[in-house]
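Visitor: need a structure here:
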Amino acid sequence: MKNNSSHGFHLIEILTTVAILGIIITLSFPLYSQYLITTRRMEAATTLGKLAIALELYHTEHNSYHAATLAALKFPEMIAGNNYKLSIESASVHSYMVMATPVGNQARKDPACSALILYADGKMDISGTGNVKDCW
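Guide: Predicted coordinates:
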């Protein structure tokens with residue numbers, strides 16, 4: 001008597017598994033993309049906070065923010081994996097405004113927040129049309 005037990009997988013089982021994996025990947029990719037955008041934005045916000053601390057130390061030593069530059073404060077111009085451009089937009093004796101402007105794909109995918117702005121008095125702002133609390 002012959003034993004007809006099969007070993008391995010049937011074609012329908014493999015196709016079903018591939019289809020389920022395709023659906024899971026299709027649904028999760030947009031979530032992962034949004035996660036990357038948010039993570040980069042939070043990294044830029046953290047760097048702006050660190051720049052603000054460095055500016056306060058600079059002000060303590062020089063009694064002014066006026067001549068402060070990214071190079072003098074040892075900050076790179078491009079941050080968050082080259083997705084944001086860091087800049088000191090204005091600096092005077094008693095105040096400053098620093099900005100992290102998204103570039104490339106980050107700028108295209110995050111128009112609601114766009115640039116993150118931080119002022120000497122601690123006020124946080126954005127250049128986009130979104131909610132400041134959601135972006136910071």
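Visitor: so residue 99, which of the three states?
Guide: When classified by DSSP: H, G, I helix; E, B strand; the rest coil, residue 99 comes out as strand.
Visitor: correct me, but it touches residue 116?
Guide: Yes. Counting by Cβ atoms under 8 Å, residue 116 is a contact partner of residue 99 at 6.9 Å. All C-beta spots, glycine's among them, are computed from the backbone N, C-alpha and C.
Visitor: just want to know which of these two has more residues nearby.
Guide: Comparing residue 99 with residue 116 by neighbour count (other Cβ atoms under 10 Å), the higher total belongs to residue 116, at 26 against 21.
Visitor: ok, the residue lying closest to residue 129 once chain neighbours are set aside - contacts?
Guide: Nearest in space to residue 129, with sequence neighbours left out and distances taken as Cβ to Cβ, 6 or more residues apart in numbering, is residue 112 at 6.0 Å. Residue 112 makes contact with 128-130, 134-135, according to Cβ atoms under 8 Å, 6 or more residues apart in numbering.
Visitor: residue 112 - that's part of a strand, no?
Guide: No. Per three-state DSSP, residue 112 lies outside any strand segment and is coil.
Visitor: and it, how far from residue 105?
Guide: Relative to residue 105, residue 112 is positioned 15 Å away (Cβ to Cβ, to the nearest Å).
Visitor: one step back: what touches both of residue 99 and residue 116?
Guide: With Cβ under 8 Å, 6+ apart, residue 99 and residue 116 have common neighbours residue 48.
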